[in-house]
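Enquirer: predicted structure and sequence below. I'll ask about it afterward.
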Amino acid sequence: MTAHTAHPVYSANRLKLGVFCANTMPALTTVPELFSPNWTECLRIAQMADDAGLEAIVPIARWKGYVDGDFHHASHDVIEPFTYAAAIAQATRRIGVFATTHAPTVHPLIVAKQAATIDAISGGRFGMNVVGGWNRREFEMFGIEMLGHEERYQYLAEWLALIRRLWSETREFDFESRWFSMKGALSRPQPIRGDGVPIMNAGFSDTGMRFAARHSNMGLIGIFGESTDQWQAQVAKYKALARDEFGRDIQVWTNAQLVLKDTDREAADYLRHYSEDRADHAAIDGFISTLARENNVAEDSDQMRFMRRTVALGSGMPVVGDAEAVAAKLASMAAAGIDGVIFSAIDYVDALHRLARDVLPRLVASGVRERDRAM
């Protein structure tokens, strides 16, 4: 595939947009219309996002769901993100294609090679969302130790540094540390661009935020509060940390749940129906308790209270309403300094159709996004 001059996440649009979590169930709800991963729908969603001119598609990584003892619970069904990304890369033209990886479950040499291969398939559109892992039950399946919170980020920093070295070295090298032993290491081919591929990272704790500010190109944050001023303060804090302590400029992205209907009332009613009336409480309890414990965040913290209220609808900022309301909220996010929003939806196909037809033209008219000249 022909190489792109710049990765899509560095487009000129003030607010980049993408699809999140479209390789598994996107919300902890029991409504029958909830998206479940099958390849036909995964491919259709990716190609719709590509055709609409969105900048990113970001699958999640999960090896085990949230409800122990229920083998058939939908949260266990997840399409593996690297093989997903390779297939999506071949089937799309311009969207940035990401894979999420739990660093301790895979050696950096393997990831370096996989990433460079997908980058070649996509023509330079690949990116990685790197995480240290947070679900102890998944680590137990692999038979590996889950490190303490601080050590997880030390491991992740070394793991990522090795991958970046494999992407850039022009000769073999040896490396020895507490966690890795590599002799005569090399990885060819390397990514299309000399600086590798864009790295996304999400961290709730202070340690996690510092890691993202120091090592990632895109910090993925969970914004909370209802006002632009509140969002702006969170974004400014993150960007100031990267700039002032590490001399880096990073993008700040967030994830959102898109509920886009013909009217505000219809959207609000549907939100309440699937996230309250049909909430999957067993999955919510398992998710929140594990997330808080393993990220060293109190369950009664502002972040976790916000997550509990919203996790049934997709564990992100709710963007709910008709096209005008959705466009206005996205414009407010851009005004707060948010660089990108990746969204999940109960029905991705319907959401993408409405987004492309009704919302994107409004964002162009308001100056948040440029007109898609490829359309």
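Expert: Received it, and whenever you're ready, just let me know what you need.
Enquirer: how about the strands in the stretch 51-200 of the chain?
Expert: Under the criterion DSSP state E, counting those that start in this stretch, the stretch 51-200 of the chain contains strands at 56-58, 96-102, 126-131, 173-176, 181-185, 199-202.
Enquirer: closest to R265 out of these?
Expert: strand 56-58 (30.7 Å; CB to CB). (C-beta placed from N, C-alpha, C; glycine too.)
Enquirer: tell me the contacts of the residue lying closest to P318 once chain neighbours are set aside?
Expert: The shortest distance from P318 to any non-neighbouring residue, by CB to CB, 6 or more residues apart in numbering, is to Q257 (5.3 Å). Counting by CB atoms under 8 Å, 6 or more residues apart in numbering, Q257 touches 26-27, 310, 313-320, 343-345.
Enquirer: could you say which of the strands of the stretch 51-200 of the chain is packed most deeply?
Expert: Neighbour counts (mean count of other CB atoms under 10 Å) averaged over each of these peak at strand 56-58, with a mean of 28.
Enquirer: neighbouring contacts of that one?
Expert: Strand 56-58 is contacted by residues 8-9, 16-22, 45-46, 49-50, 88, 92, 95-98, 100, 127, 129, 200, 340, 342 when judged by CB under 8 Å, 6+ apart.
Enquirer: what about the residues you listed, which are in helices?
Expert: Secondary structure from DSSP state H places I45, A46, A49, D50, I88 of the contacts of strand 56-58 in helices.
Enquirer: which one (most neighbours) among the residues you listed?
Expert: I88 (30 neighbours; other CB atoms under 10 Å).
Enquirer: gap between that residue and I79?
Expert: Counting by CB to CB, to the nearest Å, the separation of I88 from I79 is 10 Å.
Enquirer: can you pull the residues that touch both of those two?
Expert: Contacts common to I88 and I79, judged by CB under 8 Å, 6+ apart, are C42.
Enquirer: from the contacts of Q257, pick the one nearest G133.
Expert: S315 (17.0 Å).
Enquirer: mind listing what the closest one touches?
Expert: A27, L28, G222, N255, Q257, F287, M307.
Enquirer: give me the PyMOL select line for those, limited to the buried ones.
Expert: To isolate the buried ones among the contacts of S315 in PyMOL, judged by 16 or more other CB atoms under 10 Å, type:
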select buried, resi 27+28+222+255+257+287+307
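Enquirer: from the contacts of S315, pick the one nearest A112.
Expert: The closest of the contacts of S315, once distances to A112 are taken by CB to CB, is N255, at 26.5 Å.
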